[in-house]
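In: Next one to model:
(one chain, ligands or ions: 1)
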Amino acid sequence: MSRLAFVDGQYVPFAQAGVHVEDRGLQFADSIYEVFAITDGKPLDEAGHWARLERSLGELSQGIPMSRAAFAGHLRRMIHVNRIRYGLVYVQVTRGVVRRDHPFPAEPIAQTVIMTARQTSAVKARDLAAKGVGVKTMPDLRWGRCDIKTTGLTANVLAKQEARASGAYEAWLVGADGKVTEGASSNAWIIDAAGNLITRDLSNAILPGITRTSIMRLARERQIAVVERAFTVDEAKAAKEAFITSAGAFVMPVVAIDGTPVGGGKPGPVASALRADYLAAGTATA
Ligand code: PDD
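Out: Sure thing, here's the model as predicted:
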């Protein structure tokens, strides 16, 4: 079966799927997105991702193109027609297609809705999590509304590329306050000497990760204290453990920061336990 994409209400062969040249998502990144992890053929943390999609649209003064039930139906159909057991579904919504002009169109136009699905390798993900990854720190050059999940990801792309070129898996972005904001496509966490789980507090400086919320809940269920505050790179290098969270990586142990080993250079027990908890909860509740 050939891969299908969803574009403006139609399921079309992936190779033929496209949007108009004057789509405002393409012209201006006047658009938002969500990423759903799929395990056992079911989306993880589904309600949280739809809620954030609606919030992002609201922050851009865009409407909601379809009901949550309709979105959820298309998500399931994408999983089904593309036969995804383990993978990702991407959803993008743009303001729509209109003659290029910076301000919003005077008359409302139909939004563009795109969905794509891809299979990923559970084995590769598990192997990577068993080894852990390195991160590279660099200045956070993004805009002032990182809480909105827009497709305006130029600074994230450049940071990720710089990290990968240096052999690191993820970039850890450092804000003007000298503290880590988040990863280029993940939230950043450390565990201090006392065993507290520390991740930056929510503000316009970071994306409110859906995985982040679930991990905070799972940590509390394990009686682990969660402290929402910013931390420095030096503090992270001296931490007992470090990790990142995202829909793509779940919980991924960080074992080196700028080449300095963290937690003895091996994935720590808490990160590994939280990863297992998250995957177990996902399949149990899906
Ligand atoms: N990225 N911070 C940023 C900047 C992100 O791009 C992401 C997710 C996260 C984690 O959010 P969540 O737990 O809701 O996935 C934090 C997705 C996976 C991406 O861009 O591919």
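In: What parts of the stretch 1-150 of the chain come near the ligand?
Out: V35 (CB under 6 Å from any ligand atom). Where you see a C-beta, it was placed from the backbone N, CA and C, and this is true even at glycine.
In: low pLDDT regions in the stretch 1-150 of the chain?
Out: 1-2 (pLDDT under 70).
In: The nearest residue to G41 once chain neighbours are set aside and M252: what is the separation?
Out: Once flanking residues are discounted, G41 sits nearest to R85: 5.2 Å by CB to CB, 6 or more residues apart in numbering. Remark: distance between R85 and M252 (CB to CB, to the nearest Å) = 21 Å.
In: Neighbour count: those two, which is higher?
Out: M252 (25 against 13; other CB atoms under 10 Å).
In: Okay, and the beta partners of that one?
Out: Counting by DSSP bridges, M252 forms beta bridges with I244.
In: Please report the distance of it from K131.
Out: Relative to K131, M252 is positioned 10 Å away (CB to CB).
In: so M115 sits right up against F6, yeah?
Out: Yes: between M115 and F6 there is a contact at 3.8 Å, judged by CB atoms under 8 Å.
In: R222 against A273, yeah?
Out: Yes: applying CB under 8 Å, one finds R222 in contact with A273, separated by 7.1 Å.
In: out of those two, which sits in the more crowded spot?
Out: A273 (15 against 11).
In: Now the strand or helix carrying the more buried one - C-alpha only, CSV.
Out: Assessed by DSSP states H and E, A273 sits inside helix 269-285. Output of helix 269-285 as CSV, limited to C-alpha atoms (Å, rounded to 0.1, in the frame of the first residue of the first chain):
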residue,chain,number,x,y,z
PRO,A,269,18.2,4.9,36.7
VAL,A,270,15.5,7.7,37.1
ALA,A,271,15.5,8.6,33.4
SER,A,272,15.3,5.0,32.4
ALA,A,273,12.5,4.3,34.9
LEU,A,274,10.5,7.3,33.7
ARG,A,275,10.9,6.3,30.1
ALA,A,276,9.6,2.8,31.0
ASP,A,277,6.7,4.4,33.0
TYR,A,278,5.8,6.6,30.1
LEU,A,279,5.7,3.8,27.5
ALA,A,280,3.8,1.5,29.9
ALA,A,281,1.2,4.3,30.7
GLY,A,282,0.8,5.1,27.0
THR,A,283,-0.1,1.6,25.9
ALA,A,284,-2.2,1.0,29.0
THR,A,285,-4.4,4.1,28.5
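In: Who are the packing partners of it?
Out: strand 31-39, helix 210-221, strand 241-246, strand 250-257 (3 or more CB pairs under 8 Å, 6 or more residues apart in numbering; DSSP states H and E).
In: Is it in proximity to the ligand?
Out: No: using CB under 6 Å from any ligand atom, helix 269-285 stays clear of the ligand, with a minimum separation of 10.3 Å.
In: Phi and psi next, for I64.
Out: In terms of degrees, to the nearest 10, the main-chain angles of I64 are phi -100, psi 120.
In: pretty sure it contacts L57?
Out: Yes: using CB under 8 Å, I64 is in contact with L57, at 5.9 Å.
In: quick one: which of those two has more around it?
Out: Neighbours per residue (other CB under 10 Å) separate I64 from L57, with L57 holding more: 20 against 15.
In: Many thanks, have a good one.
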